[in-house]
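[1] Give me coordinates for this.
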Amino acid sequence: MTATLAASVEGSNPLLNIGIFALFVIITLVIVFRASRNSKTASDYYAAGRAFTGPQNGIAISGDYLSAASFLGIAGAIAINGYDGFLYSIGFLVAWLVALLLVAELLRNTGKFTMGDVLAFRMKQRPVRAAAATSTLAVSFFYLLAQMAGAGGLVALLLGVEGSGAQALVIAVVGVIMIAYVLIGGMKGTTWVQIIKAALLIVGALAMTLWVLGKYGFNFSSLLQAAVDKAGKAGQTLLGPGKQYGTNGTSKLDFLSLGIALVLGTAGLPHVLMRFYTVPTARDARRSVVWAIVLIGVFYLFTLVLGYGAGALVGPDTIKKAPGGVNSAAPLLALELGGPVLLGLISAVAFATILAVVAGLTITASASFAHDVYANVVKRGKTSPDAEVKVARITALVIGALAIGGGILANGQNVAFLVALAFAVAASANLPTILYSLFWKRFNTQGALWSIYGGLAITIVLIVFSPAVSGKSTSMFKNADFAWFPLSNPGIVSIPVAFFLGWLGTVLSKEHDEKKYAEMEVRSLTGAGAEKAVAH
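    Residues are numbered from 1 along each chain as shown. Next up is the predicted model:
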């Protein structure tokens with residue numbers, strides 16, 4: 001059924017695919033409308049009124065985290081590169097230990113709505129909040145690019161569309177629906193969409209995993225052998241390290257850089273951090289992360305089977321030639337297993353994944369701008385919650401428009417790789433400042449500004465002048481070459497530099513508020529005073 005490009009396009013049923021997707025959108029919009037009835041205050045809009053339980057929030061976190069990169073990008077990476085592709089899954093999962101052990105509970109106890117609340121707790125409010133908002137917007141934009149690129153690639157396969165104009169139109173439609181979720185439902189509506197989407201994604205992946213294993217007598221070794229045989233001469237390279245990251249010293253260093261960015265980036269992702277504020281207690285925040293780790297871990301085991309299954313049943317050559325390229329591996333596998341109906345269902349789940357994640361990113365970015373920049377920098381804390389929420393909604397419109405434009409530009413890129421760049425920015429600009437703020441008594445405003453702006457600047461500069469953007473056939477700009485930094489992921493350089501800049505800025509400044517740190521330490525460890533802050 002998927003032997004050729006033509007067969008992959010003809011095998012799908014565009015009307016069926018659109019119908020299933022439209023049904024999901026209608027159902028979720030109804031849920032969002034119902035949730036919007038209770039979104040009256042700033043706490044409702046930003047933090048869902050802190051009304052979700054630990055398990056509910058854990059499912060929503062897994063929904064936020066299991067993005068198009070997880071489903072489309074990683075499955076494709078494993079199908080094409082085998083072992084090296086699975087390293088994305090390992091990095092994304094191990095990263096949660098950093099979030100659980102160092103960040104989740106402390107952040108929930110210290111902050112109110114955004115990452116800026118924590119970073120500015122014992123610093124000068126205006127400059128630190130402006131820096132935190134800048135970093136949040138940068139990370140969110142990179143992540144949005146990945147999701148929008150995934151939307152373009154997926155619809156190319158579903159509708160047999162190869163023209164860039166038609167794919168751009170679909171990216172725009174996804175952006176408009178995303179904006180509707182955020183404007184109507186706020187965090188509460190978005191969270192329910194995440195919960196539904198996470199359940200659909202995990203159930204869909206489980207069904208396909210069992211189906212694939214069933215074809216090989218539930219013998220994983222037989223599946224691996226089939227993937228090796230299908231790949232031809234290069235088949236054996238799928239089973240060991242080195243196919244993607246082992247050809248020379250630079251690629252091995254690139255892999256190390258990627259791994260560091262993935263493991264440290266999660267604890268600095270603003271849209272994940274903001275989820276900890278939607279639960280009523282620190283205990284619920286911990287339970288959220290435990291639930292998320294279990295669900296995400298199980299899902300990544302599924303991707304191993306789905307990736308090799310796509311390699312065995314569809315074949316690397318067919319996947320590379322299909323509309324959407326590497327990102328089409330999971331949908332093509334669904335088409336091979338269950339025909340147009342399963343393809344429609346799985347593709348609708350993938351669309352739901354993209355919609356839910358971009359909605360979460362958009363509300364995080366808009367909340368950071370409205371709460372940190374507008375309310376606390378521009379208005380110096382003297383504004384009404386209604387005005388703040390209004391600004392957040394306007395910001396969501398602007399971010400949505402930028403995401404649509406950026407997604408059209410990034411269409412065709414591997415979404416797992418684009419997300420890895422977002423992780424590099426998060427690990428460089430956010431994580432050093434968060435850890436220093438929570439654990440280093442001497443840390444001060446200058447250190448925070450140097451680590452945020454310095455980490456953000458060096459990461460973006462190294463990305464712009466890396467092979468990820470120009471100089472290679474796989475680059476974003478294929479016909480240009482202005483790359484002088486040899487690594488595609490800058491984490492191995494940018495993260496240590498950001499930590500160093502935070503330390504250097506701190507020791508060169510005499511500012512030091514030991515009393516405020518003691519207050520922050522008590523609150524972060526015990527939660528004492530946190531509820532009072534919430535009630536403001």
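
[2] can you map out the helices along the stretch 401-536 of the chain?
    Shown for the stretch 401-536 of the chain, the helices assigned by DSSP state H, counting those that start in this stretch span residues 415-425, 431-439, 445-464, 491-507, 514-526, 530-534.

[3] pLDDT of the helix ranked longest in the chain, averaged?
    If you go by DSSP state H, the chain has its longest helix at helix 164-215. Confidence over helix 164-215 (mean pLDDT, whole number) is 83.

[4] Then stretch 71-89?
    When pLDDT is averaged over stretch 71-89, the result is 82.

[5] just to revisit the earlier point, beyond the longest helix of the chain, next helix or strand please.
    Next along the chain after helix 164-215, taking DSSP states H and E as the criterion, comes helix 220-231.

[6] List the buried residues in whatever helix or strand comes next after that next one.
    Counting by DSSP H and E, the next helix or strand C-terminal to helix 220-231 is helix 249-265. Under the neighbour-count criterion of 16 or more other CB atoms under 10 Å, helix 249-265 has S251, D254, F255, S257, L258, G259, I260, A261, L262, V263, L264, G265 buried. (Glycine included, C-beta is placed from N, CA and C.)

[7] Comparing the helices of the stretch 401-536 of the chain, which comes out most buried?
    helix 415-425 (a mean of 28; mean count of other CB atoms under 10 Å).

[8] nearest residue to V174 other than its sequence neighbours?
    In space, and not counting its chain neighbours, V174 is closest to A151: 4.5 Å by CB to CB, 6 or more residues apart in numbering.

[9] Quick check: which element contains that neighbour?
    Assigned by DSSP H and E, A151 belongs to helix 125-159.

[10] Would you pull up how far stretch 174-188 lies from the middle of the chain?
    Distance of stretch 174-188 from the chain centroid (CA atoms, centre = their mean, to the nearest Å) equals 17 Å.

[11] repeat for stretch 429-440
    Counting by CA atoms, centre = their mean, stretch 429-440 is centred 20 Å from the centre of its parent chain.

[12] One more: stretch 401-413?
    How far stretch 401-413 lies from its chain's middle: 15 Å, per CA atoms, centre = their mean.

[13] Stretch 459-468 now?
    That offset, for stretch 459-468, works out to 19 Å (CA atoms, centre = their mean).

[14] try stretch 297-311
    19 Å.

[15] can you pull the buried residues of it?
    F299, Y300, F302, T303, L304, V305, L306, G307, Y308, G309, A310, G311.

[16] same deal with stretch 24-36?
    For stretch 24-36, by 16+ other CB under 10 Å, it's F24, V25, T28, L29, I31, V32, A35, S36.

[17] Also stretch 333-348?
    Buried residues in stretch 333-348 (16+ other CB under 10 Å): 333-338, 340, 342-348.

[18] then that stretch to PDB, C-alphas only?
    Output of stretch 333-348 as PDB, limited to C-alpha atoms (Å, rounded to 0.1, in the frame of the first residue of the first chain):
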ATOM      1  CA  LEU A 333       2.600   3.200   9.400                       C
ATOM      2  CA  ALA A 334      -1.100   3.700  10.400                       C
ATOM      3  CA  LEU A 335      -2.000   3.600   6.700                       C
ATOM      4  CA  GLU A 336      -0.100   0.400   6.200                       C
ATOM      5  CA  LEU A 337      -1.700  -1.300   9.300                       C
ATOM      6  CA  GLY A 338      -5.400  -0.200   9.100                       C
ATOM      7  CA  GLY A 339      -5.900   1.600   5.900                       C
ATOM      8  CA  PRO A 340      -7.500   5.000   5.500                       C
ATOM      9  CA  VAL A 341      -9.700   4.700   8.600                       C
ATOM     10  CA  LEU A 342      -6.700   4.200  11.000                       C
ATOM     11  CA  LEU A 343      -4.700   6.800   9.100                       C
ATOM     12  CA  GLY A 344      -7.600   9.300   9.600                       C
ATOM     13  CA  LEU A 345      -7.800   8.500  13.400                       C
ATOM     14  CA  ILE A 346      -4.100   8.600  14.000                       C
ATOM     15  CA  SER A 347      -3.700  11.800  12.000                       C
ATOM     16  CA  ALA A 348      -6.600  13.400  13.900                       C
END
